[in-house]
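Peer 1: Output the structure for:
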Amino acid sequence: MKSNSTVVIIGDSISDIKFNRRACHLKAHPAYPKQVKDRLSREYNAKLIITGIASNRIYHVYDRFTKDCFLHKPDYIVMLIGVNDAWQIFKKEDYPIDKNPQVVRESEPCFRELLRRIKDEMPGCRLIALLPFLIDTIKEKRSFVPYLENMRAMEVRLLNEYGFKHIIDLQQVFNEAYRTYSPKELASDGIHPTKLGHSIIAREVIKVLTTID
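Peer 2: Reported below is the predicted structural model:
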């Protein structure tokens, strides 16, 4: 990683520092973006811009991409998105499509357009894509796994199609972490990591960012 670089971290609640500080029951503070920011700003004088917003789906990131990412002219983008999209397919009543139920915002076209914009309009920027995950804390959520796997597979397929190689499979990362920690230590609700879970994500992100160039 080059010194004085600009890094944008964008995504949903897992990347939302304010949400993770506010939701005390998750025991998530400091979230991984804050941990990454503290380390990289100190060691690389990096500028970290964190634009995670709780409950966001892929189309939300697509809609706000210019303001919350593109205009910052980042050297690196860290993006984690997709779990809410999969959950909407799994249990539609939990995440209605905004105020207009007639507006259908499919995940794949929006994800494709995000990748196209990064590739075509930001040729000097490096994307680090984090794949969504489920930590096996609550057995009732295991039936969600096939829906999440479909979303993960879509993301990988398009990332490969557009030539983005820096992919962190957080499901695999947490599966490895089970050797040392219980699922409940990593995420009390299975989706939102604890501080320990965030530390594991931060470690992987820092590892890639500091070796990417």
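
Peer 1: Surely residue 36 touches residue 204?
Peer 2: No: judged on Cβ atoms under 8 Å, residue 36 makes no contact with residue 204 at a distance of 10.0 Å. Yep, even glycine has a C-beta here, placed from its N, CA and C like the rest.

Peer 1: list the buried ones in the lengthiest helix in the chain?
Peer 2: Longest helix in the chain, counting residues (DSSP state H): helix 145-161. Neighbour-count burial for helix 145-161 flags 147, 148, 151, 152, 154, 155, 158, 159 (criterion: 16 or more other Cβ atoms under 10 Å).

Peer 1: other SSEs contacting it?
Peer 2: Contact here means 3 or more Cβ pairs under 8 Å, 6 or more residues apart in numbering; DSSP states H and E; on that basis helix 145-161 packs against helix 83-90, helix 107-121, strand 126-131.

Peer 1: From the rest of the structure, what touches the first one?
Peer 2: Residues external to helix 83-90 that are found in contact with it (Cβ atoms under 8 Å, 6 or more residues apart in numbering): 12, 14, 55-58, 94-95, 97, 107, 132-134, 143-144, 147-148, 150-151, 191.

Peer 1: just the buried members of these?
Peer 2: If we count by 16+ other Cβ under 10 Å, the contacts of helix 83-90 have these buried: 12, 14, 56-58, 107, 132-134, 144, 147-148, 151, 191.

Peer 1: Just name the closest of the residues you listed to residue 78, please.
Peer 2: Of all the buried ones among the contacts of helix 83-90, residue 78 sits closest to residue 14, with 11.3 Å by Cβ to Cβ.

Peer 1: residues in contact with the closest one?
Peer 2: Contacts of residue 14 by Cβ under 8 Å, 6+ apart are 20, 31, 32, 52, 80, 83, 191, 192, 193, 201.

Peer 1: Lowest-confidence entry in those?
Peer 2: Taken together, the contacts of residue 14 show their lowest pLDDT at residue 20, with 93.
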